[in-house]
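In: This is the structure alone, sequence omitted:
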């Protein structure tokens, strides 16, 4: 599995610099400044300019990876975005590409932004039926580092609600193709800011489905999502015990307590430990 950033993501509008500090210090693993949907058309030129400061704020947590969401690559706004990004004094580590539907979308952004010492991680935002149909081609792009799912645009495109059942097919497709390519997939935000219970339920569901993280649109959502996707001390201790028992048994099936542990469970434990920093203070809660 790639080491591309997963976990808790937060996105904040690029034309409202007063919100930058709260997004950067919310405790997310990835913080994105947005030039697309959260920015009104008239404010997009301003957002391109003010977003530069997102990457030069004081006291940015070392554990937080910074990125930007540009406009859809087939739009005129995206041309302006890419031209502006090429001149940012501090380049974003991640570029999120909305309306990704073919590998060509990734190629265009990579060609515009690649430079000596600059090679951003590109994440494709999957939010149309065409994108879901083309997932097998999209994930074969050598420039793709991960996928995000956009429920709002996807639901509008197919004429459904954003409820769990209508979105399950697309979510399952994203998980399957991302796993086959060895890249992480991050879930869509939960848009009811006052419904922490609903956020927790959806976060647990997508985690259990195979998503490696979930995005947030407000700092108050970060703690809830982190509690689902960041392992608890107990989960880490269990993973270490599984790995140790497997090593003592030289492979095969082992028993830990009432559980029979086979090679797939051992690999799950190894994967969990590999993507968890050794000095991490876990904020998760046992679901």
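Out: Okay, I see it. Everything quoted here is computed from the prediction, not taken from an experiment.

In: now the helices for the stretch 151-287 of the chain?
Out: Along the stretch 151-287 of the chain, the stretches classed as helices by DSSP state H, counting those that start in this stretch are 151-158, 164-181, 196-209, 222-229, 233-248, 263-274.

In: same question for the third one, mean pLDDT?
Out: Read it as helix 196-209. Here helix 196-209 scores 98 as its mean pLDDT.

In: Would you mark the buried spots in it?
Out: For helix 196-209, burial by neighbour count (16 or more other CB atoms under 10 Å) applies to 199-200, 202-203, 206-207. No exception for glycine: its C-beta is placed from N, CA and C like everyone else's.

In: same for it, what does it pack against?
Out: Under the contact criterion of 3 or more CB pairs under 8 Å, 6 or more residues apart in numbering; DSSP states H and E, helix 196-209 touches helix 164-181, strand 185-187, strand 213-216, helix 222-229.

In: rewinding a little: nearest to residue 88, of the helices of the stretch 151-287 of the chain?
Out: Evaluated with CB to CB, the helices of the stretch 151-287 of the chain place helix 222-229 nearest to residue 88, the distance being 25.1 Å.

In: Outside of that closest one itself, list whatever touches it.
Out: Identification of contacts with helix 222-229 by CB atoms under 8 Å, 6 or more residues apart in numbering yields 6-8, 10, 26-28, 196, 199-200, 203-204, 207, 212-214, 216, 283-285, 287.

In: which of the residues in stretch 119-135 are buried?
Out: Of the residues in stretch 119-135, 120-128, 131-132, 134-135 count as buried by neighbour count, 16+ other CB under 10 Å.

In: Just send the residues you listed back as CSV, with distance to residue 160, secondary structure and pLDDT too.
Out: Shown next, in CSV, are these (distance: CB to CB, whole Å; DSSP: H, G, I helix; E, B strand; the rest coil; pLDDT from 0 to 100):
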residue, distance to residue 160, secondary structure, pLDDT
120, 33, coil, 96
121, 31, strand, 97
122, 28, strand, 98
123, 24, strand, 98
124, 21, strand, 98
125, 18, strand, 98
126, 15, strand, 98
127, 13, coil, 98
128, 13, coil, 98
131, 16, helix, 98
132, 13, helix, 98
134, 20, coil, 98
135, 18, helix, 98
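
In: Name the pair among those residues with the greatest separation in space.
Out: Maximum distance among the buried residues of stretch 119-135 (CB to CB): 24.4 Å, for 120 and 132.

In: tell me the contacts of residue 90?
Out: 52, 55-56.

In: Neighbours of the nearest residue to residue 199 once chain neighbours are set aside, how many?
Out: Counting by CB to CB, 6 or more residues apart in numbering, residue 199 lies nearest to residue 190, which is 4.4 Å off, once chain neighbours are set aside. Other residues within reach of residue 190, judged by other CB atoms under 10 Å, total 25.

In: One more: residue 12?
Out: Using other CB under 10 Å, residue 12 has 25 neighbouring residues.

In: so it is in which element?
Out: Taking DSSP states H and E as the criterion, residue 12 maps to strand 7-13.

In: and that strand, average pLDDT?
Out: Averaging pLDDT along strand 7-13 yields 97.

In: Report the distance from it to the chain centre.
Out: The chain centre lies 8 Å from the centre of strand 7-13; the measure is CA atoms, centre = their mean, to the nearest Å.

In: Where does the prediction get shaky in this protein?
Out: Residue ranges of the chain with pLDDT under 70: 1-3, 232-233, 235-239, 241-242, 244-252, 262, 267-268, 271, 275, 277-287.

In: From the centroid of this structure, which residue is nearest?
Out: Central residue of the chain (CA atoms, centre = their mean): residue 186, 3.8 Å from the mean position.

In: quick one: that residue and residue 207, what's the gap?
Out: Distance from residue 186 to residue 207, counting by CB to CB, to the nearest Å: 11 Å.

In: Now flag whichever of the buried residues of stretch 119-135 is closest to residue 68.
Out: Residue 68 has its nearest neighbour among the buried residues of stretch 119-135 in residue 120, at 8.7 Å by CB to CB.
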